[in-house]
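[1] Need coordinates for the following:
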Amino acid sequence: MTVTQLSAQELFRAAYDNRYTWDKNFPGYSADITFRDNDKVITGKVIVNAELKAEVLGVDDESAKKAIHGQAWEIAIHRVRRTFEETHGANTFRYGATDENGAVEILMGGKAEGDRYKVHNNVVTLVHRHIHGVVVTINTFDVHETGEGYLPHTYDSVYHDPATGEQRGGVSNFVDEYEKVGGYFILNRREIRTQTGGQLSVQEFVFSNIQLLEPAA
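    The predicted structure is shown next:
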């Protein structure tokens, strides 16, 4: 079946279901963390439990602790397995433009009115959505194919004011690396390069000694 024979919802759903997620038996994990914030290096430990709640241990610097916790939470929230109906049941879908590399735009209606996505080769390559009073735009350039769904490898993100369209902050470029631990793919390195007003900020989160937690009895 070609793209044109699929409805916008079917095309988007196939890409949505092609994302790599953890199953309901995921027990959580612990890891050592090395956080490099430009010239500063901070180490500690991260625990993400079976409910995907994150905890940072051994880090006294509050801003570093907040940054590490934010990344651990972000990692977990994107691996949660939710059905398409749970996430997008209140939305409608229609086709937009197709760009020069074949990525197909999906325009949202219903609860997600104003949001839009792009799908290319069964991967969501653009996310443009309103969330928590801002508009976030994420372009995915390259993915890891796990055999159980894809994981983003290189991507960028930028925020805009929903009312004025004015950019908030700089453009951040991400590189994510993963390793397989006990049958689950878990992020072991994330680099974030953010350009703001001519200034480059580089953060790196390296997760090592990753171990799954013992499942609750």
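
[2] Surely residue 196 is in contact with residue 167?
    No. Checked against Cβ atoms under 8 Å, the pair residue 196 and residue 167 is beyond contact range at 9.9 Å. In this view, the C-beta of every residue, glycine as well, is placed from N, C-alpha and C.

[3] what's the pLDDT at residue 125?
    With respect to pLDDT, residue 125 has a value of 97.

[4] now swap in residue 67 and tell me
    96.

[5] Per-residue pLDDT of residue 82, please?
    Confidence score, pLDDT, at residue 82: 90.

[6] Help me confirm that it is found in a strand?
    No. Counting by DSSP: H, G, I helix; E, B strand; the rest coil, one finds residue 82 to be coil, located in no strand.

[7] how far does the longest helix anywhere in the chain sit from the chain's center?
    Counting residues, the longest helix found in the chain (DSSP state H) is helix 62-77. Offset of helix 62-77 from its chain centre (Cα atoms, centre = their mean, to the nearest Å): 13 Å.

[8] list the helices and strands that helix packs on?
    strand 28-37, strand 40-49, strand 54-57, strand 184-196, strand 199-212 (3 or more Cβ pairs under 8 Å, 6 or more residues apart in numbering; DSSP states H and E).

[9] Any chance of the ones you listed in JSON lines with mean neighbour count, mean pLDDT and distance to residue 11 as columns?
    Listed next are the helices and strands packed on helix 62-77 as JSON lines, based on neighbours: other Cβ atoms under 10 Å; pLDDT from 0 to 100; distance: least, Cβ to Cβ, whole Å:
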{"stretch": "strand 28-37", "mean neighbour count": "19", "mean pLDDT": "97", "distance to residue 11": "34"}
{"stretch": "strand 40-49", "mean neighbour count": "16", "mean pLDDT": "97", "distance to residue 11": "32"}
{"stretch": "strand 54-57", "mean neighbour count": "16", "mean pLDDT": "97", "distance to residue 11": "33"}
{"stretch": "strand 184-196", "mean neighbour count": "17", "mean pLDDT": "96", "distance to residue 11": "25"}
{"stretch": "strand 199-212", "mean neighbour count": "15", "mean pLDDT": "97", "distance to residue 11": "33"}
